[in-house]
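Student: A structural model of the following input is requested.
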Amino acid sequence: MIEEGLNTATQKQMQFAQMLQLKEYGVPITDQDLLEAATIQNKQKIIENALKNSQQAQQMQQQQAELQMADIQSRIKLNDARATADEGLGLERLSRIEENKALADERRAQAIKDEDSALLEKVRALKELEAIDIGHLKEYIGLAMQLKQMNTIQAEAKNTSSRQQSAGS
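Tutor: Predicted structure coming up:
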């Protein structure tokens, strides 16, 4: 069976030129295929270097993609944490509403109780006033005034003695 092959350097150069032209037209021909078709010396070393460079570029791209993915994941986690915190804050505020309502009810009940106590005290005072006749009331008022005068005299005596002690020192 006879096959067509590239025997001469001219045929090889022609194939290389055609591959370059096809690549320029957009045909997906790899750089490795072009290098293998080239008619240059030490092309195996060039191919190896190109493969190394290509692998390094792929590793760099992979690392960049991993970094971008890690950044996206950290942003997602941050957003999730913020959402959880906001949700907790909302629940806390809702619970405070109930607490505030209960506190307001308690204060209203205390105010009503205080009003009732004040009314009871007024009723007691009126009851006591009914029980006291006018003559006794005058005596009580007189005693209260005498006690007040005695307190005033004692306070003046203390002030005078402390002034005398201050002047003597």
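Student: Which neighbouring elements make contact with the helix or strand hosting R108?
Tutor: Assigned by DSSP states H and E, R108 falls within helix 43-131. Applying 3 or more CB pairs under 8 Å, 6 or more residues apart in numbering; DSSP states H and E, one finds that helix 43-131 contacts helix 31-37. (Each C-beta comes from the backbone N, C-alpha and C, glycine too.)
Student: Centre of the chain to the helix it packs on, how far?
Tutor: 58 Å (CA atoms, centre = their mean, to the nearest Å).
Student: Over to stretch 42-61?
Tutor: Distance, centroid of stretch 42-61 to centroid of chain: 49 Å (CA atoms, centre = their mean).
Student: Pull it out as PDB, backbone CA atoms only.
Tutor: What follows is stretch 42-61 as a C-alpha-only set of coordinates in PDB (Å, rounded to 0.1, in the frame of the first residue of the first chain):
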ATOM      1  CA  ASN A  42      16.300  21.700  18.000                       C
ATOM      2  CA  LYS A  43      12.600  21.800  17.600                       C
ATOM      3  CA  GLN A  44      12.200  19.000  20.200                       C
ATOM      4  CA  LYS A  45      13.700  21.300  22.800                       C
ATOM      5  CA  ILE A  46      11.500  24.200  21.700                       C
ATOM      6  CA  ILE A  47       8.500  21.900  21.900                       C
ATOM      7  CA  GLU A  48       9.400  20.900  25.400                       C
ATOM      8  CA  ASN A  49       9.900  24.500  26.500                       C
ATOM      9  CA  ALA A  50       6.600  25.500  25.000                       C
ATOM     10  CA  LEU A  51       4.900  22.600  26.900                       C
ATOM     11  CA  LYS A  52       6.500  23.700  30.100                       C
ATOM     12  CA  ASN A  53       5.400  27.300  29.500                       C
ATOM     13  CA  SER A  54       1.900  26.100  28.600                       C
ATOM     14  CA  GLN A  55       1.700  24.000  31.800                       C
ATOM     15  CA  GLN A  56       2.900  26.900  33.900                       C
ATOM     16  CA  ALA A  57       0.400  29.200  32.300                       C
ATOM     17  CA  GLN A  58      -2.400  26.700  33.000                       C
ATOM     18  CA  GLN A  59      -1.200  26.300  36.700                       C
ATOM     19  CA  MET A  60      -1.300  30.100  37.000                       C
ATOM     20  CA  GLN A  61      -4.800  30.300  35.600                       C
END
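Student: No more questions from me, cheers.
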